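can't give you the sequence, but here's the structure:
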DNA sequence: TTGTAGGCGTTATCAT
DNA sequence: ATGATAACGCCTACAA
C-alpha cells in the first residue's frame, strides 16, 4: 500500500469520494432509510424533515449511486433502445421525441446501435439488460425468435417501433410500410411509368425494407408489369451508395423512367448520380424516397417521398412503455398514418420514353 | 407473500430471473471467485477450468450484472458524453467515431444531451457520474467553473472536443474555430465583399460560436469595415431558423452581398430563404457555412464551408481518454486541421453591388 | 413517521 | 490456481 501523498498525487485521483446516502443521513441527523424515502417517496415523510434532508442533499451535491440503486431496487427507471445506426438521421428525430417523453415520466434513455447486424443487436440487448434497462425499444419485427423467447422468459417489457402489422400480437407503434409504399407506387404508375427500378436497403433482417419492396412489386403486378421486370438493387444506407446504385442503373443500355428508393438518403444519392450523368430529374428520370427527413426538402429538385410521423411515433412509444412499466395495460398495437409528400422529383413519363426504348423521338 | 401462480401470471413478470455469478459457479462446480476471474483476468486461471466455466456462461446466457459490478469494482468501463443535441447532425459523425474507438478499447459510450443549456449539462454530468461513468467527453470550454471544480475534486478524467486553445491547460481535442473562420472570412473579403452579415448560433455559453463571430469581425476590421457595420443575427441551430434570419436580413432596405453563417444548417436555411425571395446564390448573395456536414454537398448550389475532421476528432478524443484511464500521460492538447471546401455558394460581389447600393446598375 | 437490518451480485483481499 | 468472505451503496420489509 503506497503511502498517501496528496502533494504529488497524480491527477485524476479522487480527492473526495462522492457523497453517499450515509453522508447525507449523518449530516441531516436522520437515518439512511429516511433519506432514501425523501428521494423515492417524498410523500411518505414529514414536510419538515424532507426539506431538511433535501437541503443537505443539495448542499453536498449528492447523487444516488446508480449501481447500488439498481442492485437493491431491481429497477433503474432506464429504458434501452437499440437502433440500427446513430450516424444517419432517420432515427434521430423519433428517438429525441422518445427521450423527451420518457423524461416526462421520470425515465432515462440508454441508446445502443446495432449497425444493422442481428448478432450485434442481440449482444446489445444483453448488455442493456445487464445495465438494468427496465424495458426495451426495438426497431422492426425481424429478429431471431430466440431473442423474443429470452425477452419473454425474463419478463422484459418491450415495444417495437417503425413497423406495424395488423395481426401482430407484439406491441408495436409504427406504420404500415407496405401500405405506405403501395400508395406511392400507385402514384408512380398512374403517371404512366412502366420501366421502374428499385434501390432498396438490404432486405434481410429488415421487414421495413422488405415490405416496401413487396409493395412496389405488388403494385407493379397490378398494372401488368412482370415481377422480374422490376430491377432491384440493394445497398446500405448512405448517399454514396445510393449514387453508386444509380450509376449502375444508368450504365445499362436502357434506363428506367422512375426509380423508387427505399429511403430518402438513397434517393438523394440517386438524384445526384442522375444529375452528374447530365440527365434531369424528373424530366428524364423520376425519383422517389421514403421517410421525409430534412434532406428531402433541401435537395433540388425536392424529393417526393412518404412522410413518416417520427416524432409522434417516438412519443407514443414512450407512452406505451411508461404505461406498461406502471403495470397498466397499454394499447398494444398502434398504427400511425403516413402521407405522401409531393415535391418535384416525381413527374410524368418523358414523351421520348413512351415506348420501352428511350431513343428515337422523330418521325 | 402472494402465492406463485404461473398460470395466470401477468405478462412481463420474470418467469426466470437472469442467471447470476453464483448460478454459473454452481453449474461449473467452482467458486464465484473463479468465475469472476475467468471473465476479468482469464490468464490467471487454468485453461481447462476456464473453458469449462466459459462453456457454462455461454450455455446459461450469463451476463454480469452491471450495477453489482460497478458497485464492487468502482469502475464501469463506461465513458459519458454530453452533447448539445442528438437531433441534428453535427455531432453524430464524431460521436460515432468516438464510440467505435472506445469499443476497440473495451469501453462503452453513454450519451446524454444538454439542449445547449448549461444547467442541464451540469445535471447530466452528475447523472452520468452517478451512473458510473469513468470519464467524460464534453463539448467546448464554456461552462461554470464550479463544474470544473467538481470534476477535479472527484478526480474524474475528462476531455473537451470541438474546441482548441493553444494556451489551455485543459485536455482538448479540437480545432481552432477562430483561425478556421478567419481564413474563410479572408476569402470572402478578398472576393470584394464589403457588405456582409453574420448568422450565428447563440454565442452565450458557446465558445465555438463566439470564436467564429470574433474571427469574422477581426477580418472585417482588417479590410477597414467598421465593427458595427457587420450585422449579427443569433438564432438556434435549425434550417428554419437560418431561413428566418435571412428573411429578416432581406427585409431591410439594403441587403448584404455575403452572409457568413456559423454552421452549415443555418447556411442551408439562408440559401433557401434567398432563393425563395427570387434571388440567386451566389449571383445576388453569397453564403458560407461551417462544419461540412452532408447537406453542404446536397444543397444547390453546393455550400462553401469549413471542413471539420469530425471522425478524426472523435477517434483521437477516444484515444486520449483511453490512455488517461490506463494511467498513461496522454497528450493534453490536440489541434486538428480544418480546411476550406470551395463549392458554389461563394462568389465575387455582383457588379450591381460594387457600391454599397444594390440599385441602379445602368446610366 | 422514522429507524434497524438484511440482502441485492460482484470484485478483491486474503488464505489455502 | 482456487476458495471463503468482506465490502460496495442502496432499498425495503419489518419493527418501533
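Good, I have the coordinates. Here the structure is a predicted model, which means the values were calculated and not measured.

and the stretch 101-250 of chain A, which residues reach chain B?
Residues of the stretch 101-250 of chain A found near chain B, taking CB under 8 Å from any CB of the partner chain as the criterion, are A:108, A:110-111, A:113, A:126-127, A:129-132, A:150, A:152-157, A:239. (C-beta placed from N, C-alpha, C; glycine too.)

hmm, try it at 7 Å
A:111, A:126, A:129, A:130, A:131, A:132, A:150, A:153, A:154, A:155, A:157, A:239 (CB under 7 Å from any CB of the partner chain).

Could you turn the buried ones of those into a ChimeraX selection?
Here is the ChimeraX command that picks out the buried ones among those, judged by 16 or more other CB atoms under 10 Å in any protein chain shown:
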select /A:111,126,129,130,131,132,150,154,157,239
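
Take the residues of the stretch 101-250 of chain A next to chain B and keep only those in strands.
residue A:111 (DSSP state E).

Can you add distance to residue A:201 and pLDDT and give the residues of the stretch 101-250 of chain A next to chain B back as a markdown table?
What follows is those, written out as a markdown table (distance: CB to CB, whole Å; pLDDT from 0 to 100):
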| residue | distance to residue A:201 | pLDDT |
| --- | --- | --- |
| A:111 | 20 | 85 |
| A:126 | 25 | 86 |
| A:129 | 27 | 87 |
| A:130 | 30 | 81 |
| A:131 | 29 | 82 |
| A:132 | 32 | 84 |
| A:150 | 26 | 88 |
| A:153 | 31 | 83 |
| A:154 | 30 | 84 |
| A:155 | 33 | 86 |
| A:157 | 28 | 91 |
| A:239 | 13 | 95 |
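
Can I get the residues of the stretch 101-250 of chain A next to chain B in a markdown table including distance to DNA strand C?
As requested, these are exported to a markdown table (distance: CB to the nearest atom of the strand, whole Å):
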| residue | distance to DNA strand C |
| --- | --- |
| A:111 | 23 |
| A:126 | 12 |
| A:129 | 11 |
| A:130 | 8 |
| A:131 | 12 |
| A:132 | 10 |
| A:150 | 16 |
| A:153 | 15 |
| A:154 | 12 |
| A:155 | 14 |
| A:157 | 19 |
| A:239 | 42 |
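
Go through the residues of the stretch 101-250 of chain A next to chain B and flag which are in helices.
A:126, A:129, A:130, A:150, A:153, A:154, A:239 (DSSP state H).

Report the separation between the last one and residue A:86.
Distance of residue A:239 to residue A:86, given as CB to CB, to the nearest Å: 17 Å.

Just checking: what are the partner strands of the worst-scoring helix or strand of chain A on mean pLDDT?
Lowest mean confidence among the helices and strands of chain A (mean pLDDT, DSSP states H and E): strand A:108-113, at a mean of 86. Strand partners for strand A:108-113, identified by DSSP bridges, are recorded as strand A:78-83 (parallel).

mind giving me the domain ranges of chain A?
Chain A resolves into domains spanning A:19-64, A:76-176+A:309-337, A:177-307+A:341-353 when parsed by automatic domain parsing.

Centre of the chain to the shortest one, how far?
What separates the centre of domain A:19-64 from the centre of its chain is 39 Å, taken as CA atoms, centre = their mean, to the nearest Å.
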